[in-house]
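# Structural data only, the sequence is not supplied:
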C-alpha cells in the first residue's frame, strides 16, 4: 500500500485562477482611475475552445451606449495627459551645458 501524506487547505489553491484574479483587479482599478467601471467582469476557467488553455477575463455585457461612454471617458483622460505632456515639454527650460574649467597642472615657482 502506498503511503500518502496529509494535505492542507493549499491543496485546493489554484495559482492560475489567482493570477487571473490579480490581473482582473489591476485592470478594474486602472480603469476606475479613468472613471470607467466595468460591471459584470468575471473569470472563466479554461475551455476546450480556448488557445492557450488558461483562465480568461470576461468583460461582461457592454451595451453600445456604455461602450461609447467608456471610450469617451478614456479618450478625455488620454487627451488631457497628452496636453499636459506637451505643455510640460514646452515649459521646460532648455538644458545648459556647463563645462568645467581645466585645472592647471603647472605650478608657478
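Received the coordinates, thanks. Here the structure is a predicted model, which is why all the values come from computation and not from measurement.
# Please make it C-alpha for all contacts and neighbour counts, starting now.
Fine.
# List the buried residues for the strand or helix carrying residue 82?
Following DSSP states H and E, the helix or strand that holds residue 82 is helix 64-91. Applying a neighbour-count criterion of 16 or more other Cα atoms under 10 Å, one finds 70, 73, 74 buried in helix 64-91.
# I'd like the mean pLDDT over that helix, please.
Along helix 64-91, the predicted local confidence has a mean pLDDT of 90.
# how close does the nearest residue to residue 58 once chain neighbours are set aside sit to residue 69?
Taking Cα to Cα, 6 or more residues apart in numbering, and ignoring the residues beside it in sequence, residue 58 has residue 42 as its nearest neighbour in space, at 5.1 Å. Using Cα to Cα, to the nearest Å, residue 42 is found at 21 Å from residue 69.
# what's the nearest residue to residue 45 if we skip its chain neighbours?
The shortest distance from residue 45 to any residue that is not its chain neighbour, by Cα to Cα, 6+ apart, is 4.7 Å, and that residue is residue 55.
# and that neighbour, what does it touch?
16, 17, 20, 43, 44, 45, 46 (Cα atoms under 8 Å, 6 or more residues apart in numbering).
# before we move on, what about residue 73?
By Cα under 8 Å, 6+ apart, residue 73 lies in contact with 34, 35, 36.
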